[in-house]
Each structure stands twice: as C-alpha cells, then as structure tokens.
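**Student:** with the input below, show me the fold.
(chains A and B)
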Amino acid sequence: MDDSAPLRLSARGITKTYGSFTALQDVDLELRAGEIMALLGENGAGKSTMVKVLSGLVIADSGELHIDGEVAVINSVTSSQRAGIAVVQQEYSTVPTMSVADNLFLGQGGVSWMRRPRRLQKEAREILGRVGLEHLDPRTEVGDLSVAQMQLLEIARVLARDARIIIFDEPTAALADAEVGRVLDAAKRLAAEGRSIIYVTHRLGEVFEIADRVTIFRDGRSESSGAVADLDVDTVVSKMIGRKLGHLYPHRSDDLGEVVLRGDGFVAPGLKAPVDFTVREGEILGLTGQIGSGASAVLEALAGLRPVLSGHVSMNGVPVNTRSRRAGIRQGIAYCSADRKRNGIFATSSIRNNLSSPWLSSISRVGFIQFSTEAAKANTLAIDFAMDRGGLERSMGSLSGGNQQKVAVGKWAGIRPKVLLIEEPTRGVDVGARADIYATLRRLASTGVAIIVCSSDTNEVLGLSDTVMTFFRGIPTACRPAADWTEHDLVREVLHREEVTA
Amino acid sequence: MTIVQATERWSPGSSWTTARRLVSKFALALLIVVVLVIAGLTTPGFAETTNYRAILINTAIVGIAAVGMTAVTLSGNFFSLGIGPTVVMAGILFLALSGRTGSIALAMVATVVIICLLGLVQALIVAGGLNPIITTLAFGTIVYGLLAVGTGGEVVTAGSIPVTSLATSDVFGLPMPVVAFVALTILASVLTERTVLGRRLRLVGQSRETGRISGISVLVTTIAAFLSMSVGAALAGIFSAAQLRQMQANDLPNLTMDVIAAVLVGGAAVSGGDASPIRSALGALLLAILSNIMLLQGFAPGVRVFGVGLITVVLVVSLHMIRRAGR
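**Tutor:** Next comes the predicted model:
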C-alpha cells in the first residue's frame, strides 16, 4: 500500500490512565484507506486498551481522533459505530439459538420492523459469500457452526453494518491452521473493497502474510508504524520486548531440592505431543505459549479438570491420582485457575471464609468448625500473604483484583501443598500487587513447594521461573533454565516457530 | 508506597456502616416487633395469649417446611416446587401407617425415612445436572398423582389411633408442633452456621464452580440440602395430619407458595449462597401474624390472600434493599 492513499484514521496523543497505572501514553496511530495494519505487542502493552478506545468501551483521558479528515468524538459504543468503526470480537457475540441470517442483522438499525425471512436470507447469502461462507445455509442455527465458521460469521456481521474501519481483535486465537487462512482471506477481501483494517494478533506469521504496516505497542506507548516489507521477525520481536520492570521479580533460589513432580509421556486433550517434565522442591517451572498452545492443558490435567489420556505422573516417586480435583487436594496439589471471577473466589463470602474453604475439614471436630482455629490459621495466612488482618470479615467482592488474587493463592497455603499449579497469576492485577504476588510465589517455593506457573505473559514467565518450557499449537517446543533464555528468544519461540508451522 | 496503599484499601468500615449492618441483620426481627405493637394497639383480640398461641400453631407447619427448605435455597438449588404435595404425602403416610401398625412412633420414623428417600432421588437427579425447579415440579406432580390414585380421592384417617395427641399435647406450655418448630430452627441454624457441611452448602451456593475447584463435592451438598428439605416436609406433614386427624390428596393447596414466601421474606438470595433457617422461620412467623391480623379485622378470605400477597412483595423488595445497603 502506498502512502498516497487517503488517511482514513488518525489518532494523536491518546492517553489513558487507571489510577497510577498508565495504559496508553501519547499514542499515535495512522490508518489509510484500504490498508491492513497489524497491532503488535505483549500482553498489557496497551493493544486492547487502544481497541477499546476506538470501539467506545473506554474513553481516553486526552488526545484526538480524526476520521476521513473530520474530528471524531467517540464516547460510547454507538458513537463508535456511527463513525464507521466495527470490531470483530474475540468472544462471540452471536446468539447460538438463532439462525445465521437472524444473527447477521441482530441489533442493527435500518432493518424493517417486520421480519421478512425470504428477503433476510437473500441478503444474508450475499454477505456470507463475501467472507467465504457461500455454502452455508442462512437458516442454520448458529449453535451448530464450527468455531471457524462462527468467527467468519462474526466478520460477516460487521460487514452487514457496512463499516469503514474494521478492527480484528485476535480473530485466529482459537482457530486451527486451515481455518486461519479463511479469516485472512476475508480480511484481504475487505481491504480490497477499500475498507481499512486494524488487525490485532499474537501470531507473527499472519502479520507478514497480510499486513501492509505494523504498529508496535510497548508499555503503553506506540512505535511509529513501519511497512512490513522493511521488517523481519527479529526486528519486530526486539521492538516488542524490553518492558522496564526493575525489581518486580524476586531473586531465584540457588539450591533446588529433590524432584517432587515428574511427568513422563504426559498427554491430555489440547496436547498433540507427549510432555516430559520435572519440578523440584523449591522450583518454579514456567509454561508459556499463546492461547490454545497446550500450556494450560497441562495444568488443568494435572489439577484433575481434564482427563490424562496417557503417560505417567508421579509425586515423590508415588503415582498421582489425577482423576478429580478432590483427589488432587488430598494429595497436596493446589490449583488456581486463570478465571478468578468465575471459579477462583466466593465473591459474596468474607475473606476469612474464602481462605478457609479448601481446608475446612482440617479445622473441624466431628464435623463442627473450630472457629478459633479457623481464625488463627486465617490470620497466619493473612500475615504471610501481605493482607490486613483487621479486614478478614470484609466481603471478597469488595477487594481489588490484586487483593483478591492474594486470597485466591493464599488459601491454598493452608493445605500445606506439595505442588502448586497456577494459571495467569497476575491477570487483572495492577503492577503494585504483581510484585507482592511474585514475592509470595517465590516464598512458597522456598518453603519447599514445587510450583508450575502457566502464563501467556512471556516477560512474567521469564522473570519469575527457574525453568521455562514453551508450547506451540499443542506441542512442547523447548525447555531450558530461565538463565539460558533471552526475552528475545522466548518471544520468538512462542510467537513464531517456523519449524512447527511449516 | 505500596504499604500505604494497602492499608488504605484494607481499612475496616466506619461506625456508620457497622450500624447499618446491625440494622440490616435484625431488620426482620425489628419489623415483627413493630407489627406486634401496632397490631396490639389497633386490633381487638390480638394481644391475647390464646391468639398468640393460635399464631404460633399456624406458623409451625409452614415454618417447619420453610426451615427445612432453606438449605435447598442456600445451596443454590432454588426451591422445591413439590413441597406441598410432599407434605401431604407425609401426612397421609403417617395416618395410614399409624392406623396399620398402631404405633405413632413407628409411623413417624417410617414416614421420615420414606420422604427422605424421595428427596434423595431428587438430589441425585439434580446433582446429575437437571434443573432443580423442573425436577421438584415434576416430582410434586408425580407425588400428587400417586396420592390421588392411591387414596382414590378418599379421606385417609388413622382409625382409632389417637394421633391428635401429637398436635395438642403441651411441652413447656406450648403445643408440640410449636416446640418442634423452634427446636428444628435452632438445630438447622447450628448445623448451617457451625458445621463444615453447612459452610460448604453456603459456599457452593455462592459459586458452584469455585466450590468444585476448591474440592467441595456438589453431590454431597445437594444430597444434604434435599435431605434437610425432606425432614422438614415429613415433620410438617406429620404435625399437619395430627392437627387435622384426616387428610386427602387435595389438602394444603397453598402450602408450596406459603413456604417459598416464608423463605423469601426471610431474605434468602434466590440464586443461593445467602439464607438462614432463623430468618426463614421469622419470615413464616411474620406472614402468619399478618394473616391473623387481617382475620381479626374481619377481612374476607379473598382480601386476606390479596393482602398477604401484596405485603409479601413489599417486604421482599424492601428487606432486600435494606440488606444490600448494609453490605
């Protein structure tokens, strides 16, 4: 795409802060008509905030937007839509029990108030054809579609709205290789129609395949866009990394103990190749990869939430029963999920009741809770995990994300775990509380707990872990001591692994 | 820096919020006292020992069933929509078994066991994933159908066995059903508030998913909740039968709604995780008092039902708002 194409979108000096945390700082962004621009950056670099600003979900503190030369004020989802911006969501916003045609025109103005199925289907067929779904019957229920078809339908819905600027927010995260091609084709076709496309992704391969230009986010700042033709993978990676975090991560331990957890030829749903691993006493093993890489599948299977298809797992030489979460807890395996709100906390219970939830039977006598023992044990945990003891009766839901996470992790210390499995330990946690959580995990490790952390944040995995293991599309690709990785290698390994893709 | 932030964030609530919390905690009890005072001043025949006795006797049946069902609501299984027919079944079983065996005690035990088995089956189905509303509604209909067919629409009695003694004999100066109601409320409260199982019921009611991940068995909590409901339904049926001396399939048509209303007026969260047997008992008591006042004021039955319904709605909404403000 040449620079002579008219400027479609121009954002200048966009800034957004949350308390003391700066999500976006003086971000500039330019988008020309008919071009595909890739937004790259690590988790938390500011990509999603920028997308939210453009789609009207978040209002920027300062900065201005011009669309086709005119000042655009975007302060709501409606005003964003009116400005001609549409977002293809990562999460599907379709209604599974309605037909494809009905979903296409759902929630749109200008649709006649009377439902005219015949005409609706005709229009639907035309739009479906443009995203490569020409063989799909518009009368099909959305719930019966494949993941890829749903993603394409999501794109088609945006088309039905006739937007000038289309934002793809990690559209291929959950797709298999063959299906990715169809999404990319749809994006190319839209650009050829003269629409401008912002393509947010973690997959570098796609960037080089379809994007004209790249804008890289790092620490809430944007790096001026460069033409893809002038870039290579290494340049892109080195521009993405290098977040300055100073003393965010605690020191690693020097002496690791005996092997606690050992997996041989371990296979679970979501993994395409067997995994071998060992975790020693006091060691933090970091697993990392993109969404769907299989890293979290390992943890969930060890926690008893997915079946183990084959292979052997032993703890201190004894086979581990991974059949259920309860069996795991009895053997001293603690697990914190990635989705804290959904299954990590009891939001309406007090902090004390949350803390004691996994070890209630250990503080009971003939089925009755010993309240003084419960209080004493909860107090100890509160001190260990940097919580205020006076606030233990407060309800969990009133806490900040960081404090909730401290409780969600801290409660497991009460079962005296031998192994702690933790997914995305700092998701939705502000920077200040992050350091606390890292320190806590390291302190737990130093008491002899073997810890496996699974995170899509490569910086976090590298800073926190003793050993780092990478996953790519269901296959474990490398396992080395953290000292032998550079951030550059790790990002490259996780985002772009040619020998596996090929 | 982080330390300062932490202290700010974790600071305990002010005395104002403590006061609000106290008010919200005892809102229902305060309301009952206020209603008692107003009714005593305005309604002739209300502030008399015999009338208080009548109110308590009227409360007992609904109250026993409501206290038992509180565990179902607490554990996130909504309500049993089959509680009415289940209570009637218990009553009919008790009368029939008393008449057949000649032993009231044996009939009581057998009734409780049979109703508990019925609850157990429902618990297994619900824990297996079927919606509790649908399950209990279906069982309620099945039970009613069985009773109608089994009794042939006839009235069931215990023959010459003196079952009324169960309803009329006094313990500590109060009729047996009332004493049983109070005892059951205390027992259920202790079990709910002080035992591991009670705590787990509450936690699972708040978040089933977190409960699973924390190693709490949803099967066990569901069974416990339905057994609690069954014991309540069985005792309610037994005392009701003892009071009436006879029973038929069509009896107690409003019971299901009365029991649910009591639990709701008690401020239970419909989605689970917040309910208390004492509050459900007070809810039943308040509704019985209101019904009694309107009876003494000479309102027609239709007006009474309308009034109780209207007051229930107002109470549920306002108590909910008071409790939320106190949080």
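**Student:** from now on I want contacts and neighbour counts done on CA atoms only, so please keep to that.
**Tutor:** Noted.
**Student:** now do the contacts for the residue of the stretch 201-350 of chain A found nearest chain B.
**Tutor:** Nearest residue of the stretch 201-350 of chain A to chain B: residue A:343, at 3.8 Å (C-alpha to the nearest C-alpha). Residue A:343 is in contact with A:337, B:207, B:208, B:209, B:210, B:211, B:213, counting by C-alpha atoms under 8 Å, 6 or more residues apart in numbering or on different chains.
**Student:** which members of those are positioned in helices?
**Tutor:** Applying DSSP state H to the contacts of residue A:343, the entries found in helices are B:208, B:209, B:210, B:211, B:213.
**Student:** among those residues, which are in reach of chain A?
**Tutor:** When contact is defined as C-alpha under 8 Å from any C-alpha of the partner chain, the ones in helices among the contacts of residue A:343 meet chain A at B:208, B:209, B:210, B:211, B:213.
**Student:** roughly how far does residue A:101 sit from chain B?
**Tutor:** To chain B, residue A:101 is 31 Å away according to C-alpha to the nearest C-alpha, to the nearest Å.
**Student:** which strand or helix spans that residue?
**Tutor:** Here residue A:101, judged by DSSP states H and E, is contained in helix A:100-104.
**Student:** residues from the stretch 301-450 of chain A in reach of chain B?
**Tutor:** Residues of the stretch 301-450 of chain A lying close to chain B by C-alpha under 8 Å from any C-alpha are A:325-326, A:329, A:335, A:342-349, A:357-358, A:360-361, A:364, A:367-369, A:387-388, A:390-391, A:394, A:399, A:432.
**Student:** looking at those residues, which are in strands?
**Tutor:** Judged by DSSP state E, the subset of those located in strands is A:335, A:364, A:368, A:369.
**Student:** wait, which of those is closest to residue B:82?
**Tutor:** Of all those, residue B:82 sits closest to residue A:368, with 31.1 Å by C-alpha to C-alpha.
**Student:** could you redo the contacts of residue A:343 as TSV and give each row neighbour count and distance to residue B:253?
**Tutor:** Compiled in TSV, those are given as follows (neighbours: other C-alpha atoms under 10 Å in any protein chain shown; distance: C-alpha to C-alpha, whole Å):
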residue	neighbour count	distance to residue B:253
A:337	24	47
B:207	24	34
B:208	23	33
B:209	18	37
B:210	23	39
B:211	24	37
B:213	24	41
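**Student:** can you check the pLDDT for residue A:52?
**Tutor:** On pLDDT, residue A:52 comes in at 88.
**Student:** rewinding a little: from the residues of the stretch 301-450 of chain A next to chain B, which land in helices?
**Tutor:** Per DSSP H, the subset of those in helices is A:325, A:326, A:329, A:342, A:343, A:432.
**Student:** next, count neighbours for the third one.
**Tutor:** Around residue A:329 sit 25 other residues, with neighbours defined as other C-alpha atoms under 10 Å in any protein chain shown.
**Student:** for the nearest residue to it once chain neighbours are set aside, what are phi and psi?
**Tutor:** In this structure, residue A:329 finds its nearest non-sequential neighbour in residue B:215, 6.7 Å apart by C-alpha to C-alpha, 6 or more residues apart in numbering or on different chains. Reported as degrees, to the nearest 10, the phi and psi values for residue B:215 are phi 80, psi 20.
**Student:** what number of residues lie near residue B:215?
**Tutor:** For residue B:215, the count of nearby residues is 19 (other C-alpha under 10 Å).
**Student:** shouldn't it be in contact with residue A:333?
**Tutor:** No: between residue B:215 and residue A:333 there is no contact, the gap being 10.9 Å when judged by C-alpha atoms under 8 Å.
**Student:** what packs against the host helix or strand of residue A:151?
**Tutor:** Following DSSP H and E, one finds residue A:151 within helix A:147-160. Helix A:147-160 sits against strand A:85-88, helix A:100-104, helix A:117-130, helix A:177-192, with contacts defined as 3 or more C-alpha pairs under 8 Å, 6 or more residues apart in numbering or on different chains; DSSP states H and E.
**Student:** dump the ones you listed into a markdown table; add mean pLDDT and mean neighbour count as well.
**Tutor:** Compiled in a markdown table, the helices and strands packed on helix A:147-160 are given as follows (pLDDT from 0 to 100; neighbours: other C-alpha atoms under 10 Å in any protein chain shown):
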| stretch | mean pLDDT | mean neighbour count |
| --- | --- | --- |
| strand A:85-88 | 88 | 24 |
| helix A:100-104 | 86 | 25 |
| helix A:117-130 | 84 | 17 |
| helix A:177-192 | 83 | 17 |
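**Student:** around chain A, which positions in the stretch 101-250 of chain B sit nearby?
**Tutor:** Counting by C-alpha under 8 Å from any C-alpha, the residues of the stretch 101-250 of chain B near chain A are B:194-197, B:200, B:203, B:206-217.
**Student:** what about residue B:315, neighbour count?
**Tutor:** When counting by other C-alpha under 10 Å, one arrives at 19 neighbours for residue B:315.
**Student:** shouldn't it be within a helix?
**Tutor:** Yes: per DSSP: H, G, I helix; E, B strand; the rest coil, residue B:315 lies within a helix segment.
**Student:** ok, and what's touching the following helix or strand past the helix holding residue A:151?
**Tutor:** Proceeding N to C from helix A:147-160, the next assigned helix or strand is strand A:165-169, under DSSP H and E. Outside strand A:165-169, the residues that touch it by C-alpha under 8 Å, 6+ apart are A:51, A:84-90, A:158, A:195-201.
**Student:** neighbouring strands for strand A:165-169, and are they parallel or not?
**Tutor:** The pairing partners recorded for strand A:165-169 under DSSP bridges are strand A:85-88 (parallel), strand A:196-200 (parallel).
**Student:** quick check: which of those strands is nearest to residue A:72?
**Tutor:** Residue A:72 lies closest to strand A:85-88 among those, at 11.0 Å (C-alpha to C-alpha).
**Student:** could you dump that closest one to PDB, C-alpha only?
**Tutor:** Listed next in PDB are the C-alpha coordinates belonging to strand A:85-88 (Å, rounded to 0.1, in the frame of the first residue of the first chain):
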ATOM      1  CA  ILE A  85     -15.900   1.600  13.200                       C
ATOM      2  CA  ALA A  86     -16.700  -2.000  13.800                       C
ATOM      3  CA  VAL A  87     -14.900  -4.600  15.900                       C
ATOM      4  CA  VAL A  88     -14.700  -8.300  15.200                       C
END
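**Student:** contact partners of that strand?
**Tutor:** Under C-alpha under 8 Å, 6+ apart, the answer for strand A:85-88 is A:54-55, A:80, A:154-155, A:158, A:161, A:163-169, A:171.
**Student:** may I see the ChimeraX selection of the buried members of those?
**Tutor:** To isolate the buried ones among the contacts of strand A:85-88 in ChimeraX, judged by 16 or more other C-alpha atoms under 10 Å in any protein chain shown, type:
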select /A:54,55,80,154,155,158,161,163,164,165,166,167,168,169,171
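**Student:** let me know the closest of the contacts of strand A:85-88 to residue A:249.
**Tutor:** Using C-alpha to C-alpha, these come closest to residue A:249 at residue A:169, 30.0 Å.
**Student:** got the contact list for the strand or helix carrying residue A:402?
**Tutor:** For residue A:402, the host element (DSSP H and E) is helix A:401-413. For helix A:401-413, contacts defined as C-alpha under 8 Å, 6+ apart pick out A:334-336, A:340, A:344-345, A:351, A:354-358, A:381-382, A:385-387, A:396-397, A:425-426, A:428-430, A:433-434, A:437, A:444.
**Student:** now the buried members of those.
**Tutor:** For the contacts of helix A:401-413, burial is judged from neighbour counts taken by 16+ other C-alpha under 10 Å, and it is met by A:334-336, A:340, A:344-345, A:351, A:354-358, A:381-382, A:385-387, A:396-397, A:425-426, A:429-430, A:433-434, A:437, A:444.
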